[in-house]
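[1] fold the stuff below for me.
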Amino acid sequence: MDNMAFGRLRGIIDNFSSKRVAVLGDVMLDRYIMGTVRRISPEAPVPIVKVREQHTVAGGSGNVAANLAALGARPALISITGRDAAAKELAEILSAKGVDTGSLIAHPPTFTIEKTRVIAEHQQVVRFDREPVLKITPSLQKSVLAALDAQLEAGAGALILSDYGKGLLTPHIIEAAIKLAIRQGVPVFVDPKIEHFARYKRVTCLTPNTMEAYQGMRLIQKEGQAAVEELGKKIIRTLNCRSLLVTQGEHGMTLFNNTGGRMKTLHIPTKAREVYDVTGAGDTVISTLALASAAGATLEEAALISNFAAGIVVAKLGTASVRKEELLENIKSWTKTV
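    Residues are numbered from 1 along each chain as shown. Below you'll find the predicted structure:
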């Protein structure tokens, strides 16, 4: 990458701070209990974890919104929580990071999703979840779409559908949200769930990993870049979406861009020097991709920037965000070494 290319990417990233992005999806509270293991319990063949610290962060679509805020954007999160202590804690965490929580809908019949991870010596020992079965009533559906419409009208430069399959993004809400965004000229970026794959038609960009891409199309996974490129073109044709970004772990990512009836394919090698934890990497990719696009990047430039961001977050343990300054420094370091 030459200095001219770096200057262009820096200009896009500098423009992040002026952009609003709406995030619609399943939100949850992620708890991390960190400790050490020195012996096995005499009560059962399980390790005894001596707790040294614990912290709580926003997970699911909350992590997407937190990523956007860390990058300097003004994100608004539309989601459903319970009316409980976890919801209050979640709202406080998000607000402190600069996320607009005015569209978090408290729904008393349900409770807020919580995921607790116990980690010892950098290894996850166990995870336990508190997860409701969310039933979307017609009135709740109406509230969600009204909140989204208000955020789009307020000037959102992009919409992210963060689908964790926890019940919020029903087929009807997915299709209605896409229609609302298209009607207002707002690009739509989707972190997909396999069972809803066929519903993401006409979106701006879909960001599955390799496994999700194959399973979403009900195909047996094949090895090799040629197979991924064949699959990507099939997804574009089937869903009539403008672009597709398939994330491929240590193999980087491949962008399929369908503009003017012509398919362009760009493979981007990974920018991760060390990998400790891939938790939340997909959230980082889609948040950076959507924000860069809203800030004036081409899809190719947005994919390149998101690849750099993913390279940073996988070198951190647990659900993490990337700061704008980190992103610029990482890109700059690659400019010097490549």
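[2] secondary structure class of the residue nearest the centre of the chain, three-state.
    With distances taken as C-alpha atoms, centre = their mean, Asp283 lies nearest the centre of the chain, 2.2 Å away. Following DSSP: H, G, I helix; E, B strand; the rest coil, we place Asp283 in the helix state.
[3] please verify my assumption that it contacts Ala65.
    No: if you go by C-beta atoms under 8 Å, Asp283 and Ala65 don't touch, sitting 9.2 Å apart. C-beta coordinates here come from the backbone N, C-alpha and C atoms, glycine included.
[4] one step back: report pLDDT for the residue nearest to the centre of the chain.
    pLDDT recorded at Asp283 is 88.
[5] which residues does it contact?
    Asp283 is in contact with 63-64, 67, 162, 191, 319, counting by C-beta atoms under 8 Å, 6 or more residues apart in numbering.
[6] go with 6 Å
    Going by C-beta atoms under 6 Å, 6 or more residues apart in numbering, Asp283 touches 63-64, 67.
[7] likewise for Gly155?
    Counted by C-beta under 6 Å, 6+ apart, Gly155 has contacts Arg20.
[8] helix/strand/coil for it?
    Classification of Gly155 using three-state DSSP returns coil.
[9] from Ala302, how far out is it?
    Per C-beta to C-beta, to the nearest Å, Gly155 is found 19 Å from Ala302.
[10] again with Ile182
    Taking C-beta to C-beta, one finds Ile182 at 19 Å from Ala302.
[11] between the two, which one's more packed in?
    Higher neighbour count among Ile182 and Ala302: Ala302, with 26 against 15, using other C-beta atoms under 10 Å.
[12] any weak-confidence spans in the stretch 201-338 of the chain?
    Where the stretch 201-338 of the chain drops to pLDDT under 70, the residues are 271-280, 315-320, 334-338.
[13] number of residues surrounding Ala150?
    15.
[14] again but with Glu223, I slipped
    If we define neighbours as other C-beta under 10 Å, then Glu223 has 8 of them.
[15] for Ala198, same thing?
    12.
[16] what's the pLDDT at the spatially most distant residue from the centre of the chain?
    In terms of distance from the mean C-alpha position of the chain, Pro42 ranks first, at 41.4 Å (C-alpha atoms, centre = their mean). Confidence at Pro42, expressed as pLDDT, is 93.
[17] check the secondary structure at it for me.
    coil.
[18] quick one, helices of the protein?
    Counting by DSSP state H, the chain has helices at residues 3-14, 61-70, 85-97, 138-153, 171-183, 210-216, 225-239, 281-294, 299-313, 324-337.
[19] which one, of those helices, ends up nearest to Asp30?
    For the helices of the chain, proximity to Asp30 was assessed by C-beta to C-beta; helix 61-70 is nearest, at 7.6 Å.
[20] pLDDT on the closest one, on average?
    Helix 61-70 comes out at a mean pLDDT of 94.
[21] then it to CSV, C-alphas only?
    The C-alpha atoms that make up helix 61-70 are tabulated as CSV, following Å, rounded to 0.1, in the frame of the first residue of the first chain:
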residue,chain,number,x,y,z
SER,A,61,-26.0,-6.2,18.3
GLY,A,62,-24.8,-4.3,21.3
ASN,A,63,-21.2,-5.1,20.4
VAL,A,64,-21.8,-3.9,16.9
ALA,A,65,-23.1,-0.6,18.2
ALA,A,66,-20.1,-0.4,20.7
ASN,A,67,-17.7,-1.0,17.8
LEU,A,68,-19.3,1.8,15.8
ALA,A,69,-19.1,4.2,18.8
ALA,A,70,-15.4,3.2,19.4
